[in-house]
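Q: here are the coordinates; sequence isn't available:
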């Protein structure tokens, strides 16, 4: 991963109070009102807070959003300086001290004040520096209700992706959610820059590595973990290209058209550990491939929809 690129990017884009549209969709449709369970599927009586692990949290806007909605968040990013900034920022919010000096607009201050109050009452996110493709190195002794990866899967190699997805299955609770948003082949940046040898659809552009995923191929690989389609869902997602500010016009235009289908996959994978034998782990994988925005119309995201039931063992 391009640590120097991301360090420079984060220096220019610190805190953005508004979460991504993808984060809002995941919370509204999969986390809101959900009940926390332990790894055996039994209701956790010690805490009603859901747990979420974010892979590549960037400037922390989605982590902060989930945390202010009473979710227990652990967020990972490779840039040490950004992680230190976020942890210091959280402590500042908790103490109700003056927020970021750069945020001088009244509306921003009100949002930050509200965030501070909600963080104080709810879960405080924990930011960790490290490589999310090496989850075993963090020594987690817990499972998560949701593992969240937005705009990070296309920033790693195919080999790293396969290892990351395997780790996601390893650290996700039974009934947990794996939420992924990544760039696809039809994205406007695909094909730009210097092609990487032996890596299909991978390029160096603007001093940054990007690997554009093939939707059908990725689904086939995920289905190899034992999937069977049987249902569909619908999502009113809008265009969100990964900038630090949401595209309001695209959101309004898309809403007029009624929304775009979204992929939702449920899988059940059987695996063994020294503690749990033949544990059935259900995964819901949300995979959105962003498309180049069509100026002639509002449709900006291409996705399909399938839901997978428990495999008969």
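A: Perfect, I can see it now. Computed from a predicted structure; not experimentally measured.

Q: Okay, residue 159 and residue 168: tell me how far apart.
A: Taking CB to CB, to the nearest Å as the measure, residue 159 falls 15 Å from residue 168. Yep, even glycine has a C-beta here, placed from its N, CA and C like the rest.

Q: These two: who's more crowded?
A: residue 168 (22 against 10; other CB atoms under 10 Å).

Q: you'd agree that one is in a strand?
A: No: according to DSSP: H, G, I helix; E, B strand; the rest coil, residue 168 belongs to no strand; its state is helix.

Q: can you tell me how far it sits from residue 203?
A: Using CB to CB, residue 168 is found at 25 Å from residue 203.

Q: shaky segments in the protein?
A: 1-17, 35-47, 94-122, 222-313 (pLDDT under 70).

Q: where do the helices sit along the stretch 51-200 of the chain?
A: Per DSSP state H, counting those that start in this stretch, the stretch 51-200 of the chain carries helices over the ranges 61-68, 80-94, 106-121, 158-171.

Q: Check which helices and strands the last one sits against.
A: Counting contacts by 3 or more CB pairs under 8 Å, 6 or more residues apart in numbering; DSSP states H and E, helix 158-171 is packed against strand 144-150, strand 172-183, strand 264-271, strand 279-290.

Q: can you give me the angle the second one makes with helix 158-171?
A: Relative orientation of strand 172-183 and helix 158-171, computed by axes from the mean of the first three to the mean of the last three CA atoms, to 10 degrees: 150 degrees.

Q: in its sheet, what does strand 172-183 sit against?
A: strand 144-150 (parallel), strand 279-290 (parallel) (DSSP bridges).

Q: which parts of that strand are buried?
A: Using 16 or more other CB atoms under 10 Å as the test for burial, strand 172-183 gives 172, 173, 174, 175, 176, 177, 178, 179, 180, 181, 182, 183.

Q: Equivalent analysis for stretch 149-163, please.
A: For stretch 149-163, burial by neighbour count (16+ other CB under 10 Å) applies to 149, 150, 151, 152, 153, 154, 155, 156, 160, 161, 163.

Q: what's the closest of those residues to residue 125?
A: residue 150 (15.0 Å; CB to CB).

Q: Let me see the contact set for that closest one.
A: Residue 150 is in contact with 20, 22, 23, 54, 56, 62, 179, 180, 181, counting by CB atoms under 8 Å, 6 or more residues apart in numbering.

Q: now it: how far from residue 49?
A: In terms of CB to CB, residue 150 sits 21 Å off from residue 49.

Q: Closest one of the contacts of residue 150 to residue 196?
A: residue 56 (19.6 Å).

Q: Just to check, that closest one is in contact with residue 76?
A: Yes: between residue 56 and residue 76 there is a contact at 6.9 Å, judged by CB atoms under 8 Å.

Q: if I look at these two, which residues touch both of them?
A: In contact with both residue 56 and residue 76: residue 132, using CB under 8 Å, 6+ apart.

Q: pretty sure residue 158 is in contact with residue 198, am I right?
A: No: Residue 158 is not in contact with residue 198 according to CB under 8 Å; the separation is 9.7 Å.

Q: Of the buried residues of strand 172-183, which pair is most distant in space?
A: 174 and 183 (30.4 Å).

Q: Pull out the buried residues from stretch 193-210.
A: Buried residues in stretch 193-210, defined by neighbour count with 16+ other CB under 10 Å: 193, 201, 202, 203, 208, 209, 210.

Q: cool, stretch 70-90 as well?
A: 71-79, 82-83, 85-87, 89-90.

Q: Check the separation of the first and last residues in it.
A: 15 Å (CA to CA, to the nearest Å).

Q: Out of the buried residues of stretch 70-90, which comes closest to residue 32?
A: Out of those, the member with the shortest distance to residue 32 (by CB to CB) is residue 71, at 9.9 Å.

Q: Need phi/psi at the closest one.
A: Residue 71 adopts backbone torsions of phi -100, psi 140, taken as degrees, to the nearest 10.

Q: contacting residues for it?
A: 27, 31, 49, 50, 51, 52, 123, 146.

Q: what about the third one, neighbour count?
A: By the other CB under 10 Å criterion, the neighbourhood of residue 49 contains 17 residues.
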